[in-house]
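>>> Have a look at this fold, sequence not included:
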């Protein structure tokens, strides 16, 4: 990390110390979008800002059970050695739901200064830098849905009562979460119960650059912590119940000009309200949809959310106001025009979703791709559109086969990610389910 950034982090810590902060969290986003964190007494924090905070090198590439997965670059390959967490001063924030605590989100490097190129925040940074080299600043927003459950896994209430005012604030944890997020620097814009019983959606203002995925990462982890403090479990699992709605995380993206700050996607004089640049960006996402899909729906469970008539896309399509399409155009004016990708699930990692959307879209701009006509609404019933991958294996193969996407995201990342996910998939394949026992034990 640059010396100016290091000095800035130390200055922030001294301000925190004067304000009574006693602990600093050093947070590392892992492959799943969860936080691998160490808590540091504030007296020790300045030294770690200068030298980096040691953490096991493979912490961010552990699988969903925290298994050490061979072949993911940062385990046996480096003798199970350490990485150094380097705090990003731009992410400094006091944690209002924790006593006398503040935090930094960290980047990671080895002792010689080399970055861990497979880590999600680094992968996103690469696309952010590429975007800025082309003269644009990306603005990203995420809409996470989640369930709040009792500790035994049961919902707080059942039935379909979306936008019901009683259900919106059914538990004080919800309004407390909204208040804490605003105090944390994540500006909430809407909060409501979602379609299924005990399911909510809370939306926050989009962020420019790294702030977009940083805010989504922070929101998801904070939601789980605050729920836990109430004796509850907030889950972003995509499909926790077979007979209830899945949880998505629609992702929104626009580009603004680095020179003037104006939105370069909107054109009020255009019949569809879009610039040619916007069309090319969309065409890039459609071109690379099969390759990027494993980052939008990363687990076996995520694919169980994707069904027709559930507003979850099943094919590679776009439409101006079509909730069944992979992409749609949003925004009431040229200043707010943006692209919504409806495929990401709540369990997806916002850094990887953002990196995939930018990588694909920027490829579309560079190659001057032409946008195909919009699908006939509803898009999911258009037989001419190519289906999205229907299995985890197909999606992983699709990423590896997309040479331009691999180049953009980085071969280190693709190796670590696909190896980790295939390891998880093998564990799933080896698991004997209740269905199998009910089907076979007695009769056979």
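Happy to help now that I have it. The structure displayed is predicted, hence computed values, not measured ones.
>>> how distant is whichever strand or helix holds residue 137 from the center of its chain?
For residue 137, the element it lies in under DSSP states H and E is strand 136-150. Counting by CA atoms, centre = their mean, to the nearest Å, strand 136-150 is centred 7 Å from the centre of its parent chain.
>>> Ok, stretch 256-268 next?
In this view, stretch 256-268 has its centroid 25 Å away from the chain centroid, taken as CA atoms, centre = their mean.
>>> Pull out the buried residues from it.
256, 263-267 (16 or more other CB atoms under 10 Å). Placement of C-beta: from N, CA and C, glycine included.
>>> in the stretch 51-200 of the chain, which spans are helices?
For the stretch 51-200 of the chain, the helices defined by DSSP state H, counting those that start in this stretch cover 120-133, 165-168, 172-184.
>>> and among these, the most buried is which?
The highest average neighbour count among the helices of the stretch 51-200 of the chain, using mean count of other CB atoms under 10 Å, belongs to helix 120-133 at a mean of 20.
>>> now, which of the buried residues of stretch 256-268 sits nearest residue 399?
residue 265 (26.1 Å; CB to CB).
>>> Spatially central residue in this protein, please.
Of all residues in the chain, the one closest to the mean position by CA atoms, centre = their mean is residue 350, 1.6 Å from it.
>>> residue contacts, it?
Neighbouring residues of residue 350 by CB atoms under 8 Å, 6 or more residues apart in numbering: 33, 140, 142, 212-213, 216-217, 220, 249, 251.
>>> what's the answer for residue 203, then?
Residues near residue 203 by CB under 8 Å, 6+ apart: 141, 143, 188-191.
>>> now residue 58
Applying CB under 8 Å, 6+ apart, the residues contacting residue 58 are 68, 72, 74-75, 80.
>>> Make JSON lines out of the residues you listed and add distance to residue 37 and pLDDT.
Output for the contacts of residue 58, formatted as JSON lines (distance: CB to CB, whole Å; pLDDT from 0 to 100):
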{"residue": "68", "distance to residue 37": "19", "pLDDT": "98"}
{"residue": "72", "distance to residue 37": "20", "pLDDT": "98"}
{"residue": "74", "distance to residue 37": "18", "pLDDT": "98"}
{"residue": "75", "distance to residue 37": "20", "pLDDT": "97"}
{"residue": "80", "distance to residue 37": "20", "pLDDT": "97"}
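>>> Between those residues, which sits nearest residue 52?
Using CB to CB, residue 74 is the member of those that lies nearest residue 52, at 15.3 Å.
>>> Any idea how many residues pack against that closest one?
Neighbourhood size, residue 74 [other CB atoms under 10 Å]: 25.
>>> For it, list the residues it contacts.
Neighbours of residue 74 in contact, by CB under 8 Å, 6+ apart: 57-58, 60-61, 83, 116, 118, 416.
>>> let's go with 7 Å and repeat that
57-58, 61, 116 (CB atoms under 7 Å, 6 or more residues apart in numbering).
>>> Neighbour-wise, which one of the contacts of residue 203 leads?
Busiest of the contacts of residue 203 [other CB under 10 Å] is residue 141, holding 21 neighbours.
>>> list the contacts for that residue?
Residue 141 sits in contact with 206, 212, 252, where contact means CB under 7 Å, 6+ apart.
>>> so how far is residue 346 from it?
According to CB to CB, to the nearest Å, residue 141 and residue 346 sit 15 Å apart.
>>> any low-confidence regions in the chain?
Low-confidence segments of the chain, defined by pLDDT under 70, span residues 1-7.
>>> tell me the domain ranges of it?
3-116, 125-151+240-429 (automatic domain parsing).
>>> out of those, which comes closest to residue 438?
With CB to CB as the yardstick, what comes closest out of the domains of the chain is domain 125-151+240-429 (14.0 Å).
>>> distance between that closest one and the chain's centre?
In terms of CA atoms, centre = their mean, the centre of domain 125-151+240-429 is found 11 Å from the chain centre.
>>> which of the residues in the helix or strand harbouring residue 362 are buried?
Assigned by DSSP H and E, residue 362 belongs to helix 350-366. Residues of helix 350-366 classed as buried: 350-365 (neighbour count, 16+ other CB under 10 Å).
>>> Which strand residues bridge residue 93?
residue 103 (DSSP bridges).
>>> Identify the residues contacting it.
By CB under 7 Å, 6+ apart, the contact list for residue 93 reads 102-103, 184-185.
>>> Residue 19 too?
Residue 19 makes no contacts at all, as judged by CB under 7 Å, 6+ apart.
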